[in-house]
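Engineer: what's the 3D shape of this:
(2 chains)
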Amino acid sequence: MSTDRSHHHILSVLVQNRAGVLARVATLFARRAYNIFSLAVAPTEDENFSRITIVVDIEMTSLEQITKQLFKLIDVIKITELDPRTSVERELLLATVRAEPDQRRQVVELTQIFEGKILAVGNNALTVSLEGNPNKLDDFEDLIRAHGIVELQRTGRVALPKLEREGGRAVRPLRGKVS
Amino acid sequence: MKITGAQALIKSLEMENVEVIFGLPGGCILPAYDPLLDSTIRHILVRHEQGAGHMAEGYAHVTGRPGVAMVTSGPAATNMVTPLCDAYLDSIPMVVITGQVATFAIGTDAFQECDTLGITRSVTKHNELIMTADDVPMAVRQAFHIATTGRPGPVLLDVPKDVLTSSMEWYWPTDQEVRDSLPGYRPNVKGHPRMIREAAKLIMTSERPVLYVGGGILKARAAAALKELAELTNIHVVTTLMARGAFPDSHPLCLGMPGMHGNATATTALQRSDLLITLGARFDDRITGKVSTFAPEAKVIHVDIDPAEQGKVRKPDIPIVGDCKQVIEEITKEIRALMAAGELQADISAWKSRISGWREQFPYTYEPSLPGDALKPQFCLEMLRDNAPEDTILVSGVGQHQMWSSQYWRFEKPYTWVNSGGLGTMGFSVPAAIGAKVGHPEATVWAIDGDGCFQMTAQELVTAALERIPVKIAILNNSYLGMVRQWQEMFYEERYSEVYLSPEVPDFVKWAEAMGCIGIRVDSPEEVLPAIEKANSIDDRPVIIDFRVDAREKVFPMVPAGAANDDLLLPDSQMANKKFLQ
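Structural biologist: Numbers count the residues shown, from 1 in each chain, chains lettered A, B, ... in the order given. Predicted coordinates for the structure are as follows:
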């Protein structure tokens, strides 16, 4: 699950909230042989629009092509490339971890250290949730793997630009590269 | 005023000034065919939906207006996929209307249901499923707006049967409403002023410039602007397969087609250039050969209305996103200003004399047939060309005959050449020629076809005969899938695999007659001219000439697939001189 994120780019794609938009975006990626690493989509504060957060692992040159091709979709309104250094990223992880009674304490402790939550307790397993920066989720995932992961699901990340500060007050989002 | 969705659809098409629809009715689209009876729009009933699509393309090619095709759901929609993809790759404005099963039946695998939207998503500029009758006028307006602006392309509207039968209150959206409804669609037409200034400077200082001109020039209706720029700067022009006719072949600055089967001069001029002034062209692999070895010393000015073409294949030094006509005019203005300010254009005379040398040594050539030998396809083309009435529109299928058409015809005016460049759709020519003739009934339309291509879509000659669309078809019949045969001869050690058709079956003359056309068979060189004269004199029905040509004839020059343009293969008679292509 964890991957080299050094090449990862986050595209925040504002689209019209209409039937089939996600299919258009997905078709474009498939058609042009680009890989999506993760993808999250939901309506924005304005219900006419949705935001698709796409993480892609590619070279800069192909990223420019992807962005331009994406922008040709009629339903795509704005594309912002978010630099991981100047944006806030969050992801949610759910995992059912093997935890025999004598191991349970360690799993609970680990979850608490990461500020995760215990969602369900079974005889020999726990279901936990963890929200946070994707790197933190990677670390947690590595650590619980030793106990045995029964099932695991991550949402893929969502991201927004960090706020620019003027005199200590956040005024507007830092602009990413906008197309 | 309450009307049905079907009436709204036809009325919307009338409002968009549609004069002709190419189509074929069926179950789900049936309601739309009823109000069509009362409409001023002409409908041309095809024999296969693919034909309707290519006819719409041919119509759009020669008129610049969007071609319109209307067919039913399911198999009709899937038959439309090839024309849609063809139009997408060649940036042809087209609006296709498909019927769809009723909204409540969508997703149930109903009779003649298919996922038209899903299937056509990657071969259309945009597609849309209309879910209520109220949306019909806006959807139609959006479709025409999207198809004809920016980089043109095909748009498909999928219309469920119950949408056609339910009623709506008629309205016609304003331009502003259409724009507001498409917040994500803002094609950029005006080039960046700084880039334009830099382009002008670079043109003035380059010693080996070439105008590399593609189909975008025709889409932007920029032929006159191009001529002005070329003549002002005295720079040679190469016209890609899609741009034939954009610059007159008789013009001293015209080098013709470059690329895989282009002439050696045009291809080499690109290779040795220090500046490619790229106008509405997209560095297609048929032009560049091996990309890493293409025009190695050239800087690139790239003018294209589609931002995604910038840097897709070749990184431009000066990218200019905008409408070709506007940008060329701006560049010309800028160059005039520089000249008026006393700046001198770099000396390009040495470059021009190199080009003249190549032109003298490397014209297109073939060995004329000796008496008693088989007819040469190139000879047929020369005779067709020399006897064609003025303003003849030439249409071709795909393969050897297409390349010979581009090589041997003399294109003097824009919009007189129709072919399938990007997708390479065999079977394109017969229906496209019909569409072209419908668009320009006063012009003579000659289609050059191969015997392989012809058999793919020839049923549309029935349409042409019955609708009184007198196109002329010249089949260069070598009883082979000629281009494939050429590759097998050259690259597969003459191991001919599944390329031999038949010299006896079908009998094209009988076939023509059975379809209500006139058929003429030509076997020997002396029969060529009388047959062409006869064909040119017939104007009340389609004519098909079956030219029986030499199957051994190959298209030269040729850059083998994946090879560098420097490694082009010349005809035997010129190969010894190849060293002069420096």
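Engineer: and residue 88, what is it in contact with?
Structural biologist: As the question left the chain open, I've gone with chain A. For residue A:88, the contacting residues are A:159, A:160, A:161, A:162, by CB atoms under 8 Å, 6 or more residues apart in numbering or on different chains. Just so you know, the C-beta spots here come from the backbone N, C-alpha and C atoms, and that holds for glycine as well.
Engineer: wait, chain B
Structural biologist: Residue B:88 touches B:123, B:124, B:125, B:153, B:154, B:422, B:423, counting by CB under 8 Å, 6+ apart.
Engineer: Could you pull up phi and psi at the closest residue to residue B:402 other than its chain neighbours?
Structural biologist: Closest residue in space to residue B:402, ignoring its immediate chain neighbours: residue B:396 at 4.4 Å, by CB to CB, 6 or more residues apart in numbering or on different chains. Backbone torsions for residue B:396, taken as degrees, to the nearest 10, come to phi -140, psi 160.
Engineer: so how many other residues sit close to residue 65?
Structural biologist: You didn't pick a chain, so chain A it is. 17 (other CB atoms under 10 Å in any protein chain shown).
Engineer: meant chain B actually
Structural biologist: For residue B:65, the neighbour count with other CB under 10 Å is 17.
Engineer: cool, the one 10 residues further on as well?
Structural biologist: Here the count is done by other CB under 10 Å, and residue B:75 has 13 residues near it.
Engineer: With the one 5 residues further on instead?
Structural biologist: By the measure other CB under 10 Å, the count of residues near residue B:80 is 28.
Engineer: Am I right that it is in contact with residue B:53?
Structural biologist: Yes: counting by CB atoms under 8 Å, residue B:80 does reach residue B:53; the two are 5.1 Å apart.
Engineer: residues bridging contact with these two, i.e. touching both?
Structural biologist: Both residue B:80 and residue B:53 are contacted by B:69, B:96, under the criterion CB under 8 Å, 6+ apart.
Engineer: what about residue B:505, neighbour count?
Structural biologist: Neighbourhood size, residue B:505 [other CB under 10 Å]: 9.
Engineer: hmm, back to that, list just the nearest of the contacts of residue A:88 to residue B:460.
Structural biologist: Proximity of those to residue B:460 (CB to CB) peaks at residue A:159, which lies at 53.3 Å.
Engineer: Does the closest one belong to a helix, a strand or coil?
Structural biologist: For residue A:159, the reduced secondary structure class is strand; criterion used: DSSP: H, G, I helix; E, B strand; the rest coil.
Engineer: Bridge partners for it, pull those for me.
Structural biologist: Beta bridges link residue A:159 to residue A:89 when assigned by DSSP bridges.
Engineer: Just the pLDDT for it.
Structural biologist: pLDDT recorded at residue A:159 is 89.
Engineer: can you check residue A:57 too?
Structural biologist: On pLDDT, residue A:57 comes in at 80.
Engineer: That one contacts residue A:36, correct?
Structural biologist: No: assessed by CB under 8 Å, residue A:57 is found out of contact with residue A:36, at 9.1 Å.
Engineer: Identify, from the contacts of residue B:88, the entry nearest to chain A.
Structural biologist: Minimum distance to chain A across the contacts of residue B:88 is 7.8 Å, recorded for residue B:125 (CB to the nearest CB).
Engineer: Please report phi then psi for the nearest residue in space to that closest one that is not next to it in sequence.
Structural biologist: Nearest-residue entry for residue B:125: residue B:153, 3.2 Å, with adjacent residues in sequence omitted and distances by CB to CB, 6+ apart. With angles defined as degrees, to the nearest 10, residue B:153 sits at phi -180, psi 180.
Engineer: Next up, the contacts around residue B:153.
Structural biologist: Counting by CB under 8 Å, 6+ apart, residue B:153 makes contact with B:87, B:88, B:91, B:92, B:93, B:94, B:124, B:125, B:126, B:146, B:147.
Engineer: And residue B:312, by the same measure?
Structural biologist: Applying CB under 8 Å, 6+ apart to residue B:312 gives the contacts A:65, B:282, B:283.
Engineer: mind running it again at 7 Å?
Structural biologist: Residue B:312 is in contact with residue A:65, counting by CB atoms under 7 Å, 6 or more residues apart in numbering or on different chains.
Engineer: Just the pLDDT at it, thanks.
Structural biologist: pLDDT, residue B:312: 95.
Engineer: Also the one 4 residues further on?
Structural biologist: Residue B:316 carries a pLDDT value of 98.
Engineer: Which helix or strand contains it?
Structural biologist: Using DSSP states H and E, residue B:316 is not contained in any helix or strand.
Engineer: Residue B:300 is in contact with that one, correct?
Structural biologist: Yes: counting by CB atoms under 7 Å, residue B:300 is a contact partner of residue B:316 at 4.4 Å.
Engineer: Quick check: pLDDT value at residue A:156.
Structural biologist: What the model reports as pLDDT for residue A:156 is 89.
Engineer: Next up, phi/psi of it, please.
Structural biologist: Recorded main-chain torsions at residue A:156 are phi 80, psi 150, according to degrees, to the nearest 10.
Engineer: related to what we said a few turns ago, from the contacts of residue B:88, which ones fall inside strands?
Structural biologist: Mapping the contacts of residue B:88 onto strands (DSSP state E) picks out residue B:154.
Engineer: From the contacts of residue B:88, list the buried ones, please.
Structural biologist: When those are checked for burial by 16 or more other CB atoms under 10 Å in any protein chain shown, the buried set is B:123, B:124, B:125, B:153, B:154, B:422, B:423.
Engineer: pLDDT score assigned to the residue lying closest to residue B:389 once chain neighbours are set aside?
Structural biologist: Distances taken as CB to CB, 6+ apart put residue B:444 closest to residue B:389, at 4.7 Å, once the chain neighbours are dropped. You'll see residue B:444 listed with a pLDDT of 98.
Engineer: State the distance from residue B:444 to residue B:218.
Structural biologist: 20 Å (CB to CB, to the nearest Å).
Engineer: quick one, which of these two is more surrounded?
Structural biologist: Neighbour count, other CB under 10 Å: between residue B:444 and residue B:218, residue B:218 has more, with 25 against 19.
Engineer: What is the three-state secondary structure of the residue of the stretch 251-400 of chain B at minimum distance from chain A?
Structural biologist: Per CB to the nearest CB, residue B:308 is where the stretch 251-400 of chain B lies closest to chain A, at 3.8 Å. Assigned by three-state DSSP, the conformation of residue B:308 is helix.
Engineer: quick one: residue B:168 is in a strand?
Structural biologist: Yes: counting by three-state DSSP, residue B:168 is part of a strand.
Engineer: For my notes, confirm residue A:47 occurs in a strand.
Structural biologist: No: with three-state DSSP as the criterion, residue A:47 is coil rather than part of a strand.
Engineer: Now residue B:258: phi and psi?
Structural biologist: Residue B:258 adopts backbone torsions of phi -100, psi 180, taken as degrees, to the nearest 10.
Engineer: Enumerate every residue touching the residue nearest to the spatial centre of chain B.
Structural biologist: Centroid check for chain B by CA atoms, centre = their mean gives residue B:419 as the closest residue, at 4.1 Å. Residue B:419 sits next to B:241, B:395, B:396, B:402, B:428 when contact means CB under 7 Å, 6+ apart.
Engineer: hmm, 8 Å instead?
Structural biologist: Contacts of residue B:419 by CB under 8 Å, 6+ apart are B:241, B:242, B:395, B:396, B:397, B:398, B:402, B:405, B:406, B:428, B:429, B:432.
Engineer: Over to residue B:550?
Structural biologist: Taking CB under 8 Å, 6+ apart, we find residue B:550 in contact with B:369, B:373, B:374, B:375, B:376, B:377, B:478.
Engineer: can you list the residues of the stretch 251-400 of chain B near chain A?
Structural biologist: When proximity is defined as CB under 8 Å from any CB of the partner chain, the stretch 251-400 of chain B approaches chain A at B:306, B:307, B:308, B:310, B:311, B:312.
Engineer: Taking those together, which two end up most distant?
Structural biologist: Most distant of these, by CB to CB, are B:306 and B:311, 11.5 Å apart.
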